[in-house]
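In: Dropping a prediction and its sequence here:
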Amino acid sequence: MIHEVDVQALDTTRLIEVIGPERTTKFAESAAIARSVLGNRRVINVNSTATGGGGAELLQTLLAYVRDLGIDAAWFVIEGNTEFFAITKRIHNHLYGAAGDGGLLGPDQRAVYEATLAPNADELLAVVQPEDIVMLHDPQTAGLVGAVKSAGAHVVWRCHVGRDRPNEFTETGWGFLRPDLEDVDAFVFTRDEFAPSWVDRDRLSVITSSIDPLSAKNEPLTPTRVQAILQYVGLLDGNSKLGATTYRRRDGSPGRVDRRVDILQTGPPPPADAPLVVQVSRWDVMKDMEGVLHAFANHVDRRFGAHLMLAGPNVQGVTDDPEGGMVLDRCNAAWRALPEIARTRIHLACVPMHDPDEAAIIVNALQRHATVVTQKSVAEGFGLTVVEAMWKHRPIVATRVGGIVDQIDDGVHGPLVDDPDDLAGFADRINRLLADPAFAETLGTNAYERAHQEFL
Ligand code: UDP
């Protein structure tokens, strides 16, 4: 039922080269405090997927480093069936202020939710000791609070999603979760505004997400290697040299990209020298990949010769996201309906997720190759994809929603678009960056500096 994700400890001293001595000292001091406060307690994280999405990405990074600091941290993934994940996806969409699949969140859904979590709770209690700290992530695990409390452990609920202003859907979503969350010892939200009014502010911490600058997703890559990796997997036109697709795995061992990316396109992939607009996102309505497709097809000036790459995970790779296949199908259908001239410039890619490090290096290469990165979310907790692009010196065109406003200052790190439905406005910002590489570079440099200071 529940399974443990193996996270190898990562040597924290290697971060010194990136964050410098002053921040390293602060980091070591914080670690010492954490160790003495925690004593022999274990920190047990529980979520609903080991791969795909920001939550899983974050846990990999944080657990690897805290384990190196001598903190006993573990990560377990719950199991659920399609019906359960349809309900939790509905809650997730509601917390973003959207109807999702339009289904109910009533007593029947509550019964399925509880029945699914009960056997997960039994198994979890076999590993939880009194006084342990159990960090439950997102709506999928909120129903475990009571069981974990009954074992005498402390419960933190960390929520990676939310919406600044409540609406009828957020109210319904929070109404579903609230009975479980009343007894939580501490809450962690990405933004203060995301926490519903009944969350006791004394128990609330706001912690933004962060990236590992040295992981396969973010490690430096030369342009030659970027090109070789993208050509090998089929995301760029041309042939790569044998052996040029090697990289360093998370645990430091060598890896080599072996799998190809599934790509929907007519004709060849983008030429290596063509400007490339990239959005990397799960196939989720909230990421509006379809909107990027239409904005690009209808409003990005063809004279730039730019191509668009919409890249998401292979939909089998994200077990807790039942809508991925449906969103991908809709994007595929929208692509097929485009005129031939647009189709040749727009590419839909599904990155294989079997090997997380291999998937990460492919995304890394794609983000580094991008001329412009977009994040056209309708709602966003805190876009890790945004930070990843910032770290890679990319200018970002994004919507002014959720946590993105804490990441990007309009006109400093990239342009922000107020209305997610304003496709012409969105494309106009892309056009401006394509037309003015020097401006794009300035924004990219600013973005890198902010990521370096605040989001590592
Ligand atoms: N991601 C990935 N492959 C994909 C799509 C996304 O590795 O095909 C990663 C992406 O690089 C980022 C995370 O998934 O690290 C997405 O996190 P974000 O906070 O942007 O959004 P979420 O998916 O959590 O809503």
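Out: Looks like it arrived, so ask away. Numbers count the residues shown, from 1 in each chain.
In: Which residues of the stretch 201-350 of the chain lie near the ligand?
Out: 217, 280-282, 311-313 (Cβ under 6 Å from any ligand atom). The way it works is simple: take the backbone N, C-alpha and C, and place the C-beta from them, glycine included.
In: Which ones among those map onto strands?
Out: In strands, defined here by DSSP state E, the members of those are 280, 311-313.
In: Which one of these is nearest to residue 454?
Out: Among these, residue 280 lies closest to residue 454 (Cβ to Cβ), at 20.8 Å.
In: For that closest one, give its distance to residue 135.
Out: 26 Å (Cβ to Cβ, to the nearest Å).
In: tally of neighbours for residue 245?
Out: For residue 245, the count of nearby residues is 22 (other Cβ atoms under 10 Å).
In: Now do the same contact list for the closest residue to it other than its chain neighbours.
Out: Leaving aside its sequence neighbours, residue 245 sits nearest to residue 257 (Cβ to Cβ, 6 or more residues apart in numbering; 4.0 Å). By Cβ atoms under 8 Å, 6 or more residues apart in numbering, residue 257 lies in contact with 229, 232-233, 245-247, 358, 361-362.
In: Of all the residues in the stretch 201-350 of the chain, which one is nearest the ligand?
Out: Using Cβ to the nearest ligand atom, residue 313 is the residue of the stretch 201-350 of the chain that sits closest to the ligand, at 3.9 Å.
In: I'd assumed residue 349 was in contact with that residue.
Out: No - with contact defined as Cβ atoms under 8 Å, residue 313 does not reach residue 349; the gap is 10.0 Å.
In: circling back to that earlier point, check the contacts of residue 257 for burial and list the buried ones.
Out: Among the contacts of residue 257, those that count as buried by neighbour count (16 or more other Cβ atoms under 10 Å) are 229, 232-233, 245, 247, 358, 361-362.
In: how much distance is there from the strand or helix carrying residue 296 to the middle of the chain?
Out: Take DSSP states H and E as the rule and residue 296 turns out to sit in helix 289-299. Here helix 289-299 is found 21 Å from its chain centre; the criterion is Cα atoms, centre = their mean, to the nearest Å.
In: Can you list which of the contacts of residue 257 are found in helices?
Out: If you go by DSSP state H, the contacts of residue 257 have 229, 232-233, 358, 361-362 in helices.
In: And the pLDDT at the residue nearest to residue 245?
Out: We note a pLDDT of 94 for residue 257 in this prediction.
In: All further residue positions should be reported with the first residue as 53.
Out: New numbering, starting at 53: the last item is residue 309.
In: For it, give me phi and psi.
Out: Per-residue torsions, residue 309: phi -70, psi 120 (degrees, to the nearest 10).
In: Let me know the secondary structure of residue 216.
Out: coil (DSSP: H, G, I helix; E, B strand; the rest coil).
In: Make sure it is actually in contact with residue 243.
Out: Yes - applying Cβ under 8 Å, one finds residue 216 in contact with residue 243, separated by 7.2 Å.
In: Looking at these two, which one has more neighbours?
Out: Shown here are residue 216 and residue 243; by other Cβ under 10 Å, residue 243 has more neighbours (18 against 15).
In: The more buried one: what's it in contact with?
Out: Taking Cβ under 8 Å, 6+ apart, one finds 214, 216, 258, 433-434, 454-455, 458 in contact with residue 243.
In: If we only consider these, which is nearest to residue 183?
Out: Taking Cβ to Cβ as the measure, residue 183 sits nearest to residue 258 out of the contacts of residue 243, at 25.4 Å.
In: Which residues does the closest one form beta bridges with?
Out: When assigned by DSSP bridges, residue 258 has beta-bridge partners residue 241.
In: Once you drop chain neighbours, what's closest to the residue positioned nearest the centre of the chain?
Out: With distances taken as Cα atoms, centre = their mean, residue 106 lies nearest the centre of the chain, 2.7 Å away. Of all residues not flanking residue 106 in the chain, residue 436 sits nearest, at 4.2 Å (Cβ to Cβ, 6+ apart).
In: what about the residue nearest to residue 421 when sequence neighbours are not counted, which helix or strand?
Out: Excluding its sequence neighbours, the residue lying closest to residue 421 (Cβ to Cβ, 6+ apart) is residue 278, at 5.2 Å. If you go by DSSP H and E, residue 278 is part of helix 275-285.
In: What are the buried residues along the helix or strand where residue 174 lies?
Out: Assigned by DSSP H and E, residue 174 belongs to helix 159-177. For helix 159-177, the neighbour count (16+ other Cβ under 10 Å) marks 161, 164-165, 168-169, 172-173, 176 as buried.
In: what separates that helix from the chain centre, distance-wise?
Out: Computed by Cα atoms, centre = their mean, the chain-centroid distance of helix 159-177 equals 26 Å.
In: now swap in stretch 77-86 and tell me
Out: Its chain's C-alpha centre and that of stretch 77-86 lie 27 Å apart, by Cα atoms, centre = their mean.
In: can you check stretch 90-108 too?
Out: From the chain centre to the centre of stretch 90-108 is a distance of 15 Å (Cα atoms, centre = their mean).
In: Could you give me the buried positions within the lengthiest helix in the chain?
Out: Scanning the chain for the helix with the most residues, using DSSP H, yields helix 68-90. Buried residues in helix 68-90, counting neighbours by 16+ other Cβ under 10 Å, are found at 76, 79, 83, 90.
In: Now do the contacts for the third one.
Out: Contacts of residue 83 were listed using Cβ under 8 Å, 6+ apart, and they are 64, 118, 121-123.
In: Dump those into JSON lines; add neighbour count and secondary structure as well.
Out: Listed next are the contacts of residue 83 as JSON lines, based on neighbours: other Cβ atoms under 10 Å; DSSP: H, G, I helix; E, B strand; the rest coil:
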{"residue": "64", "neighbour count": "17", "secondary structure": "helix"}
{"residue": "118", "neighbour count": "21", "secondary structure": "helix"}
{"residue": "121", "neighbour count": "16", "secondary structure": "coil"}
{"residue": "122", "neighbour count": "12", "secondary structure": "coil"}
{"residue": "123", "neighbour count": "17", "secondary structure": "coil"}
